[in-house]
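Visitor: The sequence isn't on hand, but the structure is:
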């Protein structure tokens, strides 16, 4: 069946539990991965990706999950690590993913543990995650490639190097965005463009910036206004599809968005894992939203679970490993902008 014809709860198939009677052990660590150059958005620049990895082991099998703590939501690597370590006794006592949804709040820590439990179930049963979840075998998808925020000249130069890519995601930042997007289009005349303002626009420049994007054929504008201050989107003609990112986290946040947004960006670090992300994608389609699947800058271990959500997405933005100086091995296979499902050695 096409995804739109599936029942919202159809993916909620119980995973097999590991057969061993030994307790499940949880180990966690913080890792730092250098970025190639720097990555700049409206909130600032960074030169390394800091991730937290959770590993759950039982019966000779180990499942892994990776998350990216995000200061925008009050997270730090240390706070996420502390939250995960506090779950050791629950994990040893047999915590499953269904119970995890209420045992931890949505966020990066729950994402790492949820994905690790998925991976453990897959390795323990010898079946791929999509088979356990009654989902089709995932197909390769074309991912966006991100152009960091900078001056029009700097962004034009970066765009010229990436103009062969079919889908570009352009980071914008408020003042001067019309000049930035015009410079980008001039140097990537054939690429589909989506833009991400990261909450940097205001009600006063919203329509002007949307018009500038429409003029150069931008397909999608992501989170133009700050979350909680986006009422203006309900009162203007949206000449381009507008996608919620910071304004949407999990299924509970969907209903209030329909008058303001046309699409939603599902990120596992926001939903608190693949379990909620898949349920959210199904629910969003029932409500008529287009789906984008996004990521933070991280390794292939973060991207791999999101490939299941990518099967339902109109827009795929899983280029995190392409922005790193080096990815973990084995990683996802990228052929230009085409990203392939994970091999079993990586995840799931």
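Guide: Right, received. Where do you want to start? These numbers come from a predicted model, not from an experiment.
Visitor: from here on, contacts and neighbour counts on C-alpha atoms
Guide: Fine.
Visitor: Can you list the buried residues in stretch 225-234?
Guide: Judged by neighbour count (16 or more other CA atoms under 10 Å), stretch 225-234 contains these buried residues: 225, 226, 230, 233.
Visitor: Make a markdown table from the residues you listed and add pLDDT to it.
Guide: A markdown table is the format used below for the buried residues of stretch 225-234 (pLDDT from 0 to 100):
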| residue | pLDDT |
| --- | --- |
| 225 | 96 |
| 226 | 96 |
| 230 | 94 |
| 233 | 96 |
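Visitor: The chain: helices as residue ranges?
Guide: Remark: helices assigned in the chain by DSSP state H are 77-85, 88-92, 97-103, 108-125, 129-132, 152-162, 177-187, 206-215, 268-271, 274-286, 300-310.
Visitor: residue contacts, residue 297?
Guide: Residue 297 is in contact with 49, 68, 319, 320, 321, 323, 324, counting by CA atoms under 8 Å, 6 or more residues apart in numbering.
Visitor: Out of these, flag the one nearest to residue 144.
Guide: Using CA to CA, residue 319 comes nearest to residue 144 of the contacts of residue 297, at 6.5 Å.
Visitor: tell me the average confidence for stretch 197-210?
Guide: What stretch 197-210 shows for mean pLDDT is 94.
Visitor: ugh, wrong one, stretch 161-181
Guide: For stretch 161-181, the mean pLDDT works out to 95.
Visitor: List of residues touching that stretch?
Guide: Outside stretch 161-181, the residues within contact range by CA under 8 Å, 6+ apart are 40-42, 142-149, 151-152, 155-156, 187-198, 200-202, 209, 212-213, 216, 336-337.
Visitor: what about residue 102, how many neighbours?
Guide: Using other CA atoms under 10 Å, residue 102 has 9 neighbouring residues.
Visitor: From residue 175, how far off is it?
Guide: Separation of residue 102 from residue 175 (CA to CA, to the nearest Å): 42 Å.
Visitor: Low-confidence bits of this structure, can you list those?
Guide: Within the chain, the segments meeting pLDDT under 70 span 1-21, 42-44.
Visitor: Now do the strands in it.
Guide: With strands called from DSSP state E, the chain shows them at 25-41, 44-58, 61-67, 141-142, 145-147, 167-171, 192-196, 220-222, 241-244, 263-266, 290-293, 315-316, 334-335, 338-339.
Visitor: Show me which residues of the second one are buried.
Guide: This means strand 44-58. If you call a residue buried by 16+ other CA under 10 Å, then strand 44-58 has these buried ones: 48, 49, 50, 51, 52, 53, 54, 55, 56, 57, 58.
Visitor: hmm, back to that, could you dump the contacts of residue 297 to JSON lines with distance to residue 112?
Guide: As requested, the contacts of residue 297 are arranged in JSON lines below (distance: CA to CA, whole Å):
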{"residue": "49", "distance to residue 112": "15"}
{"residue": "68", "distance to residue 112": "9"}
{"residue": "319", "distance to residue 112": "19"}
{"residue": "320", "distance to residue 112": "16"}
{"residue": "321", "distance to residue 112": "17"}
{"residue": "323", "distance to residue 112": "21"}
{"residue": "324", "distance to residue 112": "20"}
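Visitor: out of those residues, who's nearest residue 86?
Guide: Lowest distance from residue 86 to those (CA to CA) belongs to residue 68, with 18.0 Å.
Visitor: didn't that closest one look like it was pressed against residue 53?
Guide: No. Look at residue 68 against residue 53 with CA atoms under 8 Å: they stay out of range, at 9.0 Å.
Visitor: Against residue 131, how distant is residue 249?
Guide: Remark: distance between residue 249 and residue 131 (CA to CA) = 26 Å.
Visitor: Looking at the two, which one has more neighbours?
Guide: residue 249 (24 against 14).
Visitor: which residues sit in contact with residue 342?
Guide: 304, 307, 331, 332, 333, 348.
Visitor: just to revisit the earlier point, figure out which of the helices of the chain is closest to residue 239.
Guide: Per CA to CA, nearest to residue 239 of the helices of the chain: helix 206-215, 6.9 Å.
Visitor: what packs against the closest one?
Guide: Packing partners of helix 206-215 (3 or more CA pairs under 8 Å, 6 or more residues apart in numbering; DSSP states H and E): helix 177-187.
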